[in-house]
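Asker: Sharing a model prediction with you, sequence too.
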Amino acid sequence: MSGAEFLDTNVLVCAYQFNDREKQRVAQELVEAAVAGKFVISVQVLSEFASTLLHKASPLATPDAVTAILDKVSAIKLVVSDGELVRRAVEARRAYGIHLWDGMIVAAAERAGCARILSEDLNAGQKYFGVVVTNPFL
């Protein structure tokens, strides 16, 4: 997966929420590029995405609708979590003071050989274990 870039959960969520049309447009373009192989995500990102749609999105986000969306994004390359990834996330917490779940994002991006994480939740411009964060909505 080396050379790819990593998409954080918020990018996927923005692609399917309709409150900010410009953010949605940018996010949809990124998700299309991810399906085409340019980006990677982690199992955590996919789980958070499904949970957000089911529990925080519009009432139209039924389990059937979310399943259909998951089918659409199933081509995105996934980084699988394991004990070593969790350990690296703890190291990210120690090194950067970030939340464990953000550390999981950093660790997954590092494992995939990504140079960049696209996220509006992590600090834009910050490098974590050599992986730089960019806010795609700025």
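Answerer: Okay, I see it.

Asker: pLDDT below threshold where in the chain?
Answerer: 1-3, 18, 57-60 (pLDDT under 70).

Asker: Mind jotting down where the strands sit in the protein?
Answerer: 5-7, 39-42, 77-79, 116-118, 127-128, 131-134 (DSSP state E).

Asker: Which stretch among the ones you listed is buried most, on average?
Answerer: Mean neighbour count (mean count of other C-beta atoms under 10 Å) peaks for strand 5-7 among those, with a mean of 27. Every C-beta, even on glycine, is put in place using the N, C-alpha and C of the backbone.

Asker: Tell me where the chain has helices.
Answerer: 9-16, 21-35, 43-55, 63-73, 83-96, 100-111 (DSSP state H).

Asker: And the longest one, what's buried?
Answerer: Residues of helix 21-35 classed as buried: Lys23, Gln24, Val26, Ala27, Leu30, Val31, Ala34 (neighbour count, 16 or more other C-beta atoms under 10 Å).

Asker: before we move on, back to that, can you say which of the helices of the chain is nearest to Gly130?
Answerer: Of all the helices of the chain, the one in closest proximity to Gly130, counting by C-beta to C-beta, is helix 100-111 (7.2 Å).

Asker: which strands and helices sit next to that closest one?
Answerer: If contacts are counted by 3 or more C-beta pairs under 8 Å, 6 or more residues apart in numbering; DSSP states H and E, helix 100-111 sits against strand 5-7, strand 39-42, helix 43-55, strand 77-79, helix 83-96, strand 116-118, strand 127-128, strand 131-134.
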